[in-house]
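Novice: Below are the sequence and a predicted model for it; my questions follow.
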Amino acid sequence: MSHARDRGDDHWPIRPFRNREAGAGSAARKRAAVQLAAGTPVLPVLIVSAVVLIDVACGAGTIWLPLLAAGPALAATTSGPREVLCVGLLAAVLGATLGTRDGVPGQELTAVLSALAAVTLASGLASALRGRRERVLAAVRSVAEAAQHVLLKPVPATVGPFQVAVRYSAAAAEARIGGDLYALVPTPYGVRLIVGDVRGKGLPAVGTAALVLGVFREAAYDEPDLLAVVDRIERSLARNLGCDDFVTAVVAGYPQTGHLEVVNCGHAPPLMVGRSGAVVAVEPAHPAPPLGLRALTDETPSLQVLPFADGDQLLLYTDGVTEARNHGREFYPLAEGLARHLSDEPADTLTALHDELLAHVGGRLHDDAALLLLRKPAASPNETTVPEPAPPWDTNPSSGSALRGAR
């Protein structure tokens, strides 16, 4: 009895282990079934099933059997080669079964199944090529996104004393970047920014945009005078661009409290919004040629000094916004849209503007479009305002306007 109990005790621990093995195997089978069901192309299987039901109901034989090839052909548009072959195998098995059931002659049934096999193999190859193209496109998009983050660095919601928002849309969605450019950087001479548009499209335009942004970011820190920043960009483009290439741009700076400096080089005029909500275009007092074309004319850029108080906003944009047309060939009214969607949050304003712009053109832009909105929030009553130091080139604040006028 004692031996029997010992043998019984020896066997008891084994049973739960076997149960666990059986449970693990059942779970693995369930997971495999779930994965198989998840990867099964539903619509092609439904089409094959519909052909089978019609053949069973009508008993027409070879009249309906060739339609089984629609299953693997459709699976190639959405699924991988493995799924396509599975659908083709399912269609072939069902076709052979139905052909035998309906008494289809052997030669005719062989021809139908051979055609089905050929369609399945061709569909599997097409599916493999499609998957390869999708992987290449995904890699290109990832590289484009990395390039966009390098060239068009994300702008924080607050830069210096300003609230900022940016919206950028490339005309080629696969490229993610284009010929429009923007940058906003805090410098020892105040916050400085640029919005521009490169002539042309594609990789040459992206290369020119990278050149302009690189020179601007360096010169904005080095040059105390905003016109000197523009001159640095002009000299760099004159050395590197062709005779027919150019860049339109607006360069702006905020050197001291309440004063905004603007240099317009052949670009669309920025829109200034006062605390009252009135939208005014900032037309250049002395029009200047685009960057890269100064050698062809005697005109040089001029510096405009504008009052920019608490609550004021400035919108800079590219011509992809103002030249966007609807189906009636009407341009998008940017000034009216800005007045409609104006708010104290620049991000909300630009989101509403961008959505309305896409609705105006029917969902897709045909040119690159950039929007940059700058807002000077009102100081809190509890905050003490510390005056900003005068720019290093202006040691006498009382003579500041005279110096800028002479420039």
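Specialist: Perfect, thanks for sending it. Residues are numbered from 1 along each chain as shown.

Novice: can you give me how far the helix or strand harbouring residue 210 is from the chain middle?
Specialist: In the assignment (DSSP states H and E), residue 210 maps to helix 202-222. Remark: helix 202-222 is offset 20 Å from the chain centroid, using CA atoms, centre = their mean, to the nearest Å.

Novice: Going by neighbour count, which residues of the next helix or strand after it are buried?
Specialist: Moving toward the C-terminus from helix 202-222, the next helix or strand (DSSP H and E) is helix 226-240. By 16 or more other CB atoms under 10 Å, the buried positions in helix 226-240 come out as 226-227, 229-234, 236-237. (C-beta placed from N, C-alpha, C; glycine too.)

Novice: Out of those, which comes closest to residue 104?
Specialist: residue 237 (74.8 Å; CB to CB).

Novice: how about the closest one, what does it touch?
Specialist: Contact criterion CB atoms under 8 Å, 6 or more residues apart in numbering gives 208, 211-212, 245-247, 291-292 as the residues in contact with residue 237.

Novice: Report the lowest-confidence entry in the residues you listed.
Specialist: Among those, residue 245 carries the lowest pLDDT, at 86.

Novice: Tell me if I'm right that that residue and residue 199 touch.
Specialist: Yes - the criterion here is CB atoms under 8 Å, and residue 245 meets it with residue 199 at 5.6 Å.

Novice: can you give me the helices for this protein?
Specialist: Counting by DSSP state H, the chain has helices at residues 2-11, 14-39, 42-58, 70-75, 81-102, 106-151, 202-222, 226-240, 319-322, 334-341, 346-361, 400-406.

Novice: on that earlier part again, in JSON lines: the buried residues of helix 226-240, plus distance to residue 347 and pLDDT.
Specialist: Below are the buried residues of helix 226-240 laid out as JSON lines (distance: CB to CB, whole Å; pLDDT from 0 to 100):
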{"residue": "226", "distance to residue 347": "27", "pLDDT": "96"}
{"residue": "227", "distance to residue 347": "31", "pLDDT": "95"}
{"residue": "229", "distance to residue 347": "27", "pLDDT": "96"}
{"residue": "230", "distance to residue 347": "29", "pLDDT": "95"}
{"residue": "231", "distance to residue 347": "34", "pLDDT": "95"}
{"residue": "232", "distance to residue 347": "31", "pLDDT": "95"}
{"residue": "233", "distance to residue 347": "29", "pLDDT": "95"}
{"residue": "234", "distance to residue 347": "33", "pLDDT": "94"}
{"residue": "236", "distance to residue 347": "33", "pLDDT": "93"}
{"residue": "237", "distance to residue 347": "32", "pLDDT": "92"}
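
Novice: and which of the residues you listed is nearest to residue 218?
Specialist: Among these, residue 232 lies closest to residue 218 (CB to CB), at 7.8 Å.

Novice: Check the residue lying closest to residue 228 once chain neighbours are set aside and give its pLDDT.
Specialist: Nearest residue to residue 228, sequence neighbours excluded (CB to CB, 6 or more residues apart in numbering): residue 219, at 7.2 Å. Predicted confidence (pLDDT) for residue 219: 95.

Novice: any low-confidence regions in the protein?
Specialist: Along the chain, segments meeting pLDDT under 70 span 1-40, 59-62, 141, 143-150, 171-178, 202, 379-407.

Novice: please redo it, this time with the cut-off set to 50
Specialist: Along the chain, the model assigns pLDDT under 50 to residues 1-18, 20, 32-38, 381-407.

Novice: tell me the contacts of residue 246?
Specialist: If you count contacts by CB under 8 Å, 6+ apart, residue 246 has them with 199, 237, 266, 289-293.

Novice: Then residue 291?
Specialist: So residue 291 contacts 196, 212, 230, 233-234, 237, 246-249, 265-266 (CB under 8 Å, 6+ apart).

Novice: what bridges to it?
Specialist: Here residue 291 shows beta-bridge partners residue 247, assigned using DSSP bridges.

Novice: That one and residue 104: what is the separation?
Specialist: Applying CB to CB, to the nearest Å, the value for residue 291 to residue 104 is 76 Å.

Novice: swap in residue 76?
Specialist: In terms of CB to CB, residue 76 sits 26 Å off from residue 104.

Novice: ok, of the contacts of residue 246, which one's closest to residue 329?
Specialist: Distance to residue 329 across the contacts of residue 246 (CB to CB) is lowest for residue 199, with 23.2 Å.

Novice: give me the number of residues near that closest one?
Specialist: Residue 199 has 18 neighbouring residues, counting by other CB atoms under 10 Å.

Novice: same thing with residue 378?
Specialist: So residue 378, with other CB under 10 Å, has 13 neighbours.

Novice: For residue 76 and residue 104, indicate the residue with more neighbours.
Specialist: Per other CB under 10 Å, whichever of residue 76 and residue 104 has more neighbours is residue 76, with 26 against 20.

Novice: No further questions, thank you.
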